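Undergrad: Fold the following.
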Amino acid sequence: MSGEVQQILGQLNNETIALKGEFIVVIEGADGSEQNTIELQNMRLLFSKVASKMSHKDVVSLAMSLTSLPKNILYDLASEYYSNG
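TA: Sure thing, here's the model as predicted:
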């Protein structure tokens, strides 16, 4: 059987799940998407503040030391704050 935590708890409380012997509960972890969104927002703020003071390469290196986001994503994100010419 599988389902949402609240759904299974409700079935246990209503005794619609037969409790015979042992059973195992496996809970899926978060996928990290919310954390990635927060990190992206923080990196955008960082890039907007330091782009005029640091090189593109240096700001990406700094960002890599502050976050778990991949280098290619940070490089592309930082590119938004640097002109092509």
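Undergrad: List the buried residues for the helix or strand hosting residue 58?
TA: According to DSSP states H and E, residue 58 maps onto helix 56-66. Residues of helix 56-66 classed as buried: 59-60, 62-63 (neighbour count, 16 or more other Cβ atoms under 10 Å). From N, CA and C alone the C-beta is placed, and that goes for glycine too.
Undergrad: Identify the residues contacting that helix?
TA: 42-43, 46-47, 50-51, 54, 69, 71, 74-75, 78-79, 81-82 (Cβ atoms under 8 Å, 6 or more residues apart in numbering).
Undergrad: how about a cut-off of 7 Å?
TA: Applying Cβ atoms under 7 Å, 6 or more residues apart in numbering, the external contacts of helix 56-66 come out as 43, 46-47, 50-51, 71, 74-75, 78, 82.
Undergrad: by contact count, what packs against the biggest helix by length in the chain?
TA: For the chain, the longest helix by residue count, based on DSSP state H, is helix 33-50. The contact analysis (3 or more Cβ pairs under 7 Å, 6 or more residues apart in numbering; DSSP states H and E) places helix 33-50 against helix 56-66, helix 71-79.
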